[in-house]
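K.L.:
Here's my sequence, what's the structure:
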Amino acid sequence: MSRNLSTGTLAGRRVLVPGGTGGVGEGVVRAFLVAGADVVAPTRSDQRGAELRAALGDLGVSPLLHMPTHDYTTFDGAEELGRQMTERLGGIDDAVVPVGGWWQGGSLTGIREDDWAAAFTGLTTAHMALARAIVPRLSGVGAYTVVVGQSAEWPVPGSGLVSMEQAAVLMMQRVLAAENPDHRIHALILGPVRTRFADGDPNHVSAAEIGNALVALAQAGDGPSRAVPLASSREACELLTELTQTA
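P.N.:
Sure, this is the predicted structure:
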């Protein structure tokens with residue numbers, strides 16, 4: 001089930017989406033633009049940025065979409081991103097971080113050092129750098145949300161580095177929530193996802209549904225930090241129903 005939320009309901013909100021050029025990120029960027037938010041989707045590649053604008057259609061040329069070319073995967077790079085966004089837009093209300101990747105390289109006892117650096121160290125560093133730079137800059141209006149897969153909770157033989165990295169990010173969310181009780185720090189835990197890169201099963205959650213769920217969370221206002229499972233399209237529909245009924 002895919003449902004578009006009201007246009008303009010988040011007008012004036014300033015939303016940062018590192019990883020916005022990916023398949024899941026596209027759904028996030030699209031939903032927040034439709035809701036009227038200012039969306040910053042930094043890209044490390046002009047080509048990826050152009051591809052996202054094309055995929056977004058008319059929304060790709062919206063003045064609400066800002067796509068600076070920027071490497072946010074290091075501590076210095078993430079800090080500079082946070083500083084620039086605060087200076088240019090006056091602050092950060094929400095951040096959604098669908099930063100990740102997949103690795104399938106065999107058993108843990110057979111990994112190479114470059115596997116470790118790419119599939120674990122690099123991604124966990126990017127998440128830590130972004131959280132360190134962005135959470136202290138949040139206005140308190142919205143939330144900081146990390147996006148992980150079910151591999152964070154279930155071991156995936158042959159892709160163990162992904163399971164370890166995602167589990168580390170999920171624990172980071174829990175620690176951030178405990179350390180920052182005045183902010184909402186969420187995690188979205190996804191099952192298989194349908195994106196523009198992969199059609200998938202119709203029962204799989206879609207990038208559009210993920211984006212709509214995040215907009216609904218943003219509209220929910222005050223509430224506790226939470227880890228939200230979105231393992232299927234059905235769960236996305238149930239979450240939207242829950243959030244729209246309590247809004």
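
K.L.:
Was I right to think Leu230 contacts Ile210?
P.N.:
Yes. Under the criterion of C-beta atoms under 8 Å, Leu230 makes contact with Ile210 at 6.4 Å. Where C-beta positions appear, they are placed from N, C-alpha and C, glycine not excepted.

K.L.:
which neighbours do those two share?
P.N.:
Taking C-beta atoms under 8 Å, 6 or more residues apart in numbering as the contact criterion, the common neighbours of Leu230 and Ile210 are Leu188, Leu190, Ala236.

K.L.:
Leaving out sequence neighbours, find the closest residue to the first one.
P.N.:
By the measure of C-beta to C-beta, 6 or more residues apart in numbering, the closest residue to Leu188 outside its immediate chain neighbours is Val147, 4.8 Å from it.

K.L.:
helices and strands of the protein: which one has the lowest mean pLDDT?
P.N.:
With mean pLDDT, DSSP states H and E as the measure, the helix or strand of the chain carrying the lowest mean pLDDT is helix 233-246 (a mean of 87).

K.L.:
Quick one: distance of that one to the chain centre.
P.N.:
From the chain centre to the centre of helix 233-246 is a distance of 18 Å (C-alpha atoms, centre = their mean, to the nearest Å).

K.L.:
which outside residues touch the longest helix along the chain?
P.N.:
Looking only at the chain and at elements set by DSSP state H, the helix with the highest residue count is helix 160-179. By C-beta under 8 Å, 6+ apart, the residues outside helix 160-179 that reach it are 100-105, 107-108, 111, 115-116, 119-120, 123-124, 127-128, 131, 135, 144, 146, 148-149, 151-156, 183, 185-187, 189, 225, 227.

K.L.:
partners of the helix or strand just after it, with directions?
P.N.:
If you walk from helix 160-179 toward the C-terminus, the next helix or strand you reach (DSSP states H and E) is strand 184-190. For strand 184-190, the paired strands and their directions (DSSP bridges) read strand 143-149 (parallel), strand 227-230 (parallel).

K.L.:
Val17: which of these is closest?
P.N.:
Of all the strands paired with strand 184-190, strand 143-149 sits nearest to Val17, with 9.9 Å by C-beta to C-beta.

K.L.:
got the angle for that closest one vs helix 160-179?
P.N.:
Between strand 143-149 and helix 160-179, the angle formed by their directions is 160 degrees, by axes from the mean of the first three to the mean of the last three C-alpha atoms, to 10 degrees.

K.L.:
ok but Pro157 is inside a strand, no?
P.N.:
No. Using DSSP: H, G, I helix; E, B strand; the rest coil, the secondary structure at Pro157 is coil, not a strand.

K.L.:
tell me the contacts of it?
P.N.:
Contacts were defined as C-beta under 8 Å, 6+ apart; by that measure Pro157 touches Ser107.

K.L.:
a markdown table please, covering the shared contacts of Leu230 and Ile210 and showing neighbour count and distance to Ser45.
P.N.:
Compiled in a markdown table, the shared contacts of Leu230 and Ile210 are given as follows (neighbours: other C-beta atoms under 10 Å; distance: C-beta to C-beta, whole Å):
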| residue | neighbour count | distance to Ser45 |
| --- | --- | --- |
| Leu188 | 27 | 25 |
| Leu190 | 27 | 24 |
| Ala236 | 28 | 29 |
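
K.L.:
Compare Leu230 and Ile210 (neighbour count), which wins?
P.N.:
Neighbours were tallied for Leu230 and for Ile210 using other C-beta atoms under 10 Å; the higher tally belongs to Ile210 (27 against 22).

K.L.:
Isn't the more buried one up against Val193?
P.N.:
Yes. Checked against C-beta under 8 Å, the pair Ile210 and Val193 is within contact range at 7.0 Å.
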